[in-house]
Every structure is written in C-alpha cells, then in structure tokens.
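Engineer: give me coordinates for this.
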Amino acid sequence: MSDDSRRRVVQRGLWFDEFESDVVYVHRPGRTVTEADNVLFTTLTMNTQALHLDAAWAETQPFGERLVNSMFTLSTVVGSSVAQLTQGTIVANLGFSDVRFPHPLLHGDTLYSESTVVEKRLSSSRPGEGVVTLEHTGRNQHGDVVVVARRAVLVRVEGENG
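Structural biologist: Down below sits the predicted model:
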C-alpha cells in the first residue's frame with residue numbers, strides 16, 4: 001500500500017442522480033471507421049451480407065460502394081458514451097428501441113456521437129438503482145445523422161450497492 005496521500009480521482013460514469021434531462025452529452029474523440037473495422041466486425045459476427053463484404057457487387061448497388069455494418073455503427077456510438085455516462089455505474093443494459101439508420105456510414109467516415117436523457121426514474125423493484133433512458137445519436141464528419149437509438153440502462157444511485 002502506498003503512503004501517497006494525494007487525493008485520487010477515478011474515471012467513472014454518472015450516478016443516477018447526476019443524469020440531467022436538459023444536457024447534451026457530447027462524446028469525444030470521434031472514430032474514423034476503416035475498411036478493416038468493417039470487414040472484421042462483419043466476419044466476427046457472421047454477417048455475410050455482400051453489401052459489407054463484396055466491393056464489386058456493392059458497386060452495382062444504389063450506394064455504389066460497400067456500407068459500414070449498421071451494428072458496428074450502433075455499437076460504436078454506444079461504446080463511445082461509456083466512459084462519460086456509465087463506466088462503473090451501470091448495473092445492466094436493459095434494451096434498445098427506436099433504432100434508425102437514416103444515412104449510411106462509409107469507409108473513411110468519422111463517427112461522432114452524443115447522448116441525451118429521455119427519461120429517468122427510480123426502480124420500484126431494485127432499491128438503490130434507477131432506470132435511465134438515453135437517446136444516442138451518431139453523425140458523420142459532415143453532420144449527417146447515421147444512427148439514432150434509444151437505450152434503457154439500470155444505473156446505481158450514488159452510495160448505494162457498492
């Protein structure tokens with residue numbers, strides 16, 4: 001054990017009471033998506049969609065090139081929120097709803113994300129925890145919205161349950 005008496009600041013997400021409904025939580029840095037990201041994610045998840053893997057075929061399709069796997073886009077937007085919102089304070093991810101992909105994400109695009117609180121309430125069945133519904137939005141470097149998703153998470157109240 002160290003005898004260093006300096007105050008320690010641990011990186012963490014927000015406790016239930018710290019989530020505010022009138023705030024836009026902006027997550028940085030952005031993430032530039034490479035072809036390797038897309039092919040690796042697509043093959044790891046056994047998604048054989050030619051639109052993600054077959055460049056020659058994708059050239060004949062409406063967008064004229066391969067598209068980034070939408071599940072990668074969703075995962076990256078949610079992942080980029082973790083350090084700021086739920087790192088060490090989440091109990092469980094309860095589910096997703098209202099997931100939309102209004103604009104494609106392409107190889108070389110940079111994905112930026114932000115989150116807002118749609119609703120929050122204390123859990124009626126789990127003392128010391130609350131349900132926060134977040135809306136995550138991802139945009140490319142041009143500001144086009146590429147994904148919007150709502151996610152309900154079970155979050156600890158500060159000082160409760162460890």
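Engineer: give me the below-cutoff pLDDT ranges for the chain.
Structural biologist: 1-2, 161-162 (pLDDT under 70).
Engineer: can you map out the helices along it?
Structural biologist: Assigned by DSSP state H, the chain shows helices spanning 35-44, 50-53, 55-58, 70-85.
Engineer: with mean neighbour count and distance to residue 146 as extra columns, can I get these in CSV?
Structural biologist: Where you see a C-beta, it was placed from the backbone N, CA and C, and this is true even at glycine. As requested, those are arranged in CSV below (neighbours: other CB atoms under 10 Å; distance: least, CB to CB, whole Å):
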stretch, mean neighbour count, distance to residue 146
helix 35-44, 15, 13
helix 50-53, 17, 15
helix 55-58, 12, 17
helix 70-85, 19, 6
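Engineer: nearest residue to the middle of the chain?
Structural biologist: residue 78 (0.8 Å; CA atoms, centre = their mean).
Engineer: so what's that one up against?
Structural biologist: Counting by CB atoms under 8 Å, 6 or more residues apart in numbering, residue 78 makes contact with 136, 149, 151.
Engineer: swap in residue 84?
Structural biologist: Contacts for residue 84 (CB under 8 Å, 6+ apart) come out as 13-14, 25, 27.
Engineer: so which of the residues you listed are in strands?
Structural biologist: 25, 27 (DSSP state E).
Engineer: send me stretch 147-155 as CSV with only the CA atoms.
Structural biologist: Only the C-alpha atoms of stretch 147-155 are listed here, as CSV (Å, rounded to 0.1, in the frame of the first residue of the first chain):
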residue,chain,number,x,y,z
VAL,A,147,-27.8,6.4,-36.3
VAL,A,148,-30.4,7.2,-33.6
ALA,A,149,-31.2,4.7,-30.9
ARG,A,150,-32.9,4.7,-27.5
ARG,A,151,-31.3,2.6,-24.8
ALA,A,152,-32.6,1.9,-21.3
VAL,A,153,-30.0,1.2,-18.6
LEU,A,154,-30.2,0.3,-15.0
VAL,A,155,-27.8,2.7,-13.1
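Engineer: returning to that earlier point: which two in the contacts of residue 84 are spaced the farthest apart?
Structural biologist: Of all pairs drawn from the contacts of residue 84, the greatest distance, 12.7 Å, lies between 14 and 27 (CB to CB).
Engineer: if we can go back for a sec, list just the nearest of the contacts of residue 84 to residue 87.
Structural biologist: Closest to residue 87, out of all of the contacts of residue 84 and judged by CB to CB, is residue 13, at 4.3 Å.
Engineer: that's all I had, so thanks and see you.
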